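S.K.: I would like to see how this sequence folds:
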Amino acid sequence: MTMQTAPVASPNANADKDLDLATPQPVRSPQSTTAVSGGATGADQPAANRGRTSIADVVVVKVAGIAAREIPGVHDMGGGLSRSFGAVRERVPGGRPNVGRGVKVEVGERQTAIDLDLVVEYGVSVMDVAQDVRENVVSAVERVTGLEVVEVNITVNDVHLPDDEESASTTEARVE
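M.R.: Take a look at the predicted model:
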């Protein structure tokens, strides 16, 4: 935060105030950023400022992945090969869905940039879905982590057709 000095008024103009007007007073910027990694040591510091907080990339990946999947019109995330491996992984006993599939992040001390690969449902407006995903991801990541999201780049690399599920279910029905 930058400190600026306010202009000094004459002592007689504001005599009823308890401020020492001969000493420049700090003017705080209306926009302040959360220092995620900042911190100080020592018993003279407030408890909330003692130490340092760092956020791992995987935290931002998971928050962004969950937020993107919440938007109607997003069928899946990730590229073709990534989705294939993910489908196999989810079918293995004990396998869990990977909420970070299709999400790449770059995390700094105070900011993050996010790249998403989406598969959208056929019939939805790709631009509307992308805008809704972007807004939801920015809101969720900034709320949960305190990091400033500088950009969310979205690549729509496939469209899910309603026939895709029907052909997959008939193939499975033939095999016992």
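S.K.: tell me the buried residues in stretch 144-154?
M.R.: If you call a residue buried by 16 or more other Cβ atoms under 10 Å, then stretch 144-154 has these buried ones: 144-145, 147, 149, 152, 154. To be clear about C-beta, it is placed using only N, CA and C from the backbone, and glycine gets the same treatment.
S.K.: which of the residues you listed fall within strands?
M.R.: Within the buried residues of stretch 144-154, residues falling in strands by DSSP state E are 149, 152, 154.
S.K.: wait, the second one sits on Ala140?
M.R.: No. Under the criterion of Cβ atoms under 8 Å, Val152 makes no contact with Ala140, lying 10.8 Å away.
S.K.: low-confidence bits of this protein, can you list those?
M.R.: 1-40, 80-97, 164-176 (pLDDT under 70).
S.K.: which residues of it fall in strands?
M.R.: 4-5, 26-27, 74-77, 103-107, 111-121, 148-160.
S.K.: of those strands, which approaches Lys62 most closely?
M.R.: Ranking the strands of the chain by proximity to Lys62 (Cβ to Cβ) places strand 103-107 first, at 8.1 Å.
S.K.: that closest one pairs with which strands?
M.R.: Looking at strand 103-107 with DSSP bridges, its partner strands are strand 111-121 (antiparallel).
S.K.: okay, and the common contacts of Val152 and Ala140?
M.R.: Common neighbours of Val152 and Ala140, counting by Cβ atoms under 8 Å, 6 or more residues apart in numbering, are Ala64.
S.K.: neighbours around the nearest residue to Leu147 once chain neighbours are set aside, how many?
M.R.: Here the nearest residue to Leu147 in space, its sequence neighbours aside, is Thr112; by Cβ to Cβ, 6 or more residues apart in numbering that works out to 4.7 Å. Residues lying near Thr112 (other Cβ atoms under 10 Å) number 26.
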